[in-house]
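Peer 1: Coordinates for the following, if possible.
(one chain, ligands or ions: 1)
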Amino acid sequence: MQNISRRSFVNKFGLGVGASVVITTLPSFITQSVKQKKSYTGKKLNIALCGLGNYATMLASGIAVSEYCNLAGIVTGSPEKALKWKAQYNIPDKNSYNYQNFDEIIHNKDIDLVYVVLPNGLHKEFVIRAAKAGKNVITEKPMSISVADCQEMIKACNENKVQLAVGYRLHYEPTHLEIKRLGQEKVFGQVRFIEASLGYKTYDTLDKTTIVDKKNDWRLNKKLSGGGPLMDLGIYCIQASRYVLGEEPIAVTAQFGTVNNKDRFSETEESISWQMEFQSDAISNCTTSCGFDTNRFYAVADEGSFELSPALSYGPFVGKTSAGVLKFPEINQQKTQLDEICKLLLANKKLPNHITGAEGLKDVSIINAIYKAAKTGKKISLK
Ligand code: NAD
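Peer 2: Numbering: from 1, shown residues only. This is a model prediction of the structure:
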């Protein structure tokens, strides 16, 4: 096993965690923000949130405590929501748009970036419209519902000379940066096998009643969602497998799970399991579901293992390695993601590949292959 630095961030952060913690150097943006609390006083990036549902509300909370951005505008189809958000976040009328007049944002110099938080099937349209209006764009994951859509989105952003990011919140999360390091730097040797799962029970399995009251849930509508939990949650298992191994899958096999609620899951899968093979011969075995709760990541390497449970949600994450406990300070994932993206955009720097449209396109290609494998029962090559 390679050296694992045991310098204690427990001391640094005053965490009451035992001496067996696997200690690593924290990413500089985390140590800086811990040391320099709110020291930035320069220009902030002005963001308009497009789609004001559940996750937009979480993003707005992240923006509220961010250092590098402001919530400056909104795009919504609901006049009632517009009134509420304008009052709550002090947004002027001139920065409030609906889906019809959104293109007028081209004339609004007070908006720098549009963050698309709409149902997956609408990401393409609004990313392209934002790009044509000359705004940088972040779109939520999955980037879109087809490879062709992703390609069009990338092309539109390139043609309009704006940057495109995908909202991969875990790319800034210290526990995830650590498992990425453990895997890619082969701290416990070559990773051979990964197990990852993320699922949320959205209805009661016994009486089939809906837990989350969503009669018209867009996630159950294939045109708007592109698919079921694989699109929504399974993407995190794909991401974690890819960044821990630092490799792309070369083939996938997949199996749809049992459909317990046929009314609810008539267009999209209720559960799906899949296996990804990598060039190094590593295998990742993943499951996602709307029928049960699961949230874990486990990697076994030649000389040890590391795991998290919970692993892929909003945290806090709890983990261990074969050398000890794995624990980092909890962060606000949305704030950190936005600050790191906005910092680069404010400095006119290029966003790193691992959060751009190119990365979103890779995930959507893999998702496509997984669905094809589940439908055909065949191994699908990604070479
Ligand atoms: P939501 O249903 O809570 O919000 C969707 C919003 O889109 C609503 O305000 C709705 O009014 C609006 N909308 C506009 N046109 C619509 C249409 N034709 N049908 C349905 N809604 C329409 O969904 P959400 O959970 O906020 O998800 C939005 C996006 O954010 C999705 O792409 C999802 O994958 C992503 N998301 C990401 C995370 C994350 O952790 N990164 C978490 C949750 C959701």
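Peer 1: Find the residue closest to whichever residue of the stretch 51-200 of the chain sits closest to the ligand in space, skipping its chain neighbours.
Peer 2: Closest contact between the stretch 51-200 of the chain and the ligand, by C-beta to the nearest ligand atom, is at Gly53 (1.8 Å). (Each C-beta comes from the backbone N, C-alpha and C, glycine too.) Leaving out its chain neighbours, the residue that sits closest to Gly53 by C-beta to C-beta, 6 or more residues apart in numbering is Val117, at 6.7 Å.
Peer 1: count of residues packed around the one you found?
Peer 2: The number of residues packed near Val117 is 25, by other C-beta atoms under 10 Å.
Peer 1: ok, it touching Val127?
Peer 2: No: Val117 is not in contact with Val127 according to C-beta atoms under 8 Å; the separation is 11.6 Å.
Peer 1: For the stretch 101-250 of the chain, which residues score under the pLDDT cut-off?
Peer 2: 204-215 (pLDDT under 70).
Peer 1: before we move on, back to that, the residue of the stretch 51-200 of the chain closest to the ligand - how many residues pack around it?
Peer 2: 14.
Peer 1: Also Thr57?
Peer 2: 12.
Peer 1: residues contacting the residue nearest to Gly53?
Peer 2: Counting by C-beta atoms under 8 Å, 6 or more residues apart in numbering, Val117 touches 49-53, 55-56, 59, 140, 167.
Peer 1: Could you do Trp274 as well?
Peer 2: Residues in contact with Trp274, defined by C-beta under 8 Å, 6+ apart, are 230, 234, 252-255, 285-287, 370, 373-374.
Peer 1: Out of those, which sit inside helices?
Peer 2: Mapping the contacts of Trp274 onto helices (DSSP state H) picks out 370, 373-374.
Peer 1: Going by distance to Glu267, which of those wins?
Peer 2: Taking C-beta to C-beta as the measure, Glu267 lies nearest Ala374 of the ones in helices among the contacts of Trp274, at 14.8 Å.
Peer 1: so that closest one makes contact with Ile272?
Peer 2: Yes: in this structure Ala374 lies within contact range of Ile272 using C-beta under 8 Å: 6.0 Å.
Peer 1: and for the two, which residues touch both?
Peer 2: 254-256.
Peer 1: Just the buried ones among these, please.
Peer 2: Listed as buried from these are 254, 256; burial here means 16 or more other C-beta atoms under 10 Å.
Peer 1: Could you pull up the residues touching Pro352?
Peer 2: When the contact criterion is C-beta under 8 Å, 6+ apart, the partners of Pro352 are Leu344.
Peer 1: what phi and what psi does the backbone show at it?
Peer 2: Pro352 adopts backbone torsions of phi -70, psi 150, taken as degrees, to the nearest 10.
Peer 1: What distance do you get for it to Ala165?
Peer 2: 9 Å (C-beta to C-beta, to the nearest Å).
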